[in-house]
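1. what's the 3D shape of this:
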Amino acid sequence: MVLRMYQRYFERKSWSTEFVDESRTDAGVKSATLIVHGEFVYGMLKNEAGAHRLVRLSPFNADSLRQTSFVGVEVLPLVSEDDKP
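-> As a prediction, this is how the structure comes out:
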């Protein structure tokens, strides 16, 4: 859910994304690595780094209890050899 949320945000900003790595389990995406191309991308996303909590109603729980998941997000700039001093 969080990956899809970020993808929709990138689409609205007209930023292009490139999947580098994705690890899936039976429950969904375990981890994903993306490169986001666009103007001022790092400046806009650097505050997203950290732990995020996702609370939702589980469709698999008959009691309709809330399920809490935690997601770690890292935002790193991509520096090429030409950019180094």
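2. pretty sure residue 61 is in a helix, no?
-> No: looking at residue 61 with DSSP: H, G, I helix; E, B strand; the rest coil, it is coil, so not inside a helix.
3. so who does it touch?
-> residue 67 (C-beta atoms under 8 Å, 6 or more residues apart in numbering). C-beta coordinates here come from the backbone N, C-alpha and C atoms, glycine included.
4. what's the pLDDT at it?
-> At residue 61, the model reports a pLDDT of 75.
5. for residue 46, same thing?
-> Taking residue 46 on its own, its pLDDT is 93.
6. I'd guessed it sits against residue 76; true?
-> No: using C-beta atoms under 8 Å, residue 46 makes no contact with residue 76, being 9.1 Å away.
7. which stretches of this protein form helices?
-> Secondary structure of the chain (DSSP state H): helices located at 2-12, 41-45.
8. test my guess that residue 66 contacts residue 54.
-> No: the criterion here is C-beta under 8 Å, and residue 66 misses it with residue 54 at 10.4 Å.
9. residues contacting residue 75?
-> Per C-beta under 8 Å, 6+ apart, neighbours of residue 75: 42, 45, 46, 48, 49.
10. what's the closest non-adjacent residue to the last one?
-> When the adjacent residues along the chain are set aside, residue 49 lies closest to residue 75, with 4.5 Å between them (C-beta to C-beta, 6 or more residues apart in numbering).
11. any idea how far the one you found lies from residue 4?
-> 18 Å (C-beta to C-beta, to the nearest Å).
12. give me phi/psi at the residue nearest to residue 49?
-> phi -120, psi 120 (degrees, to the nearest 10).
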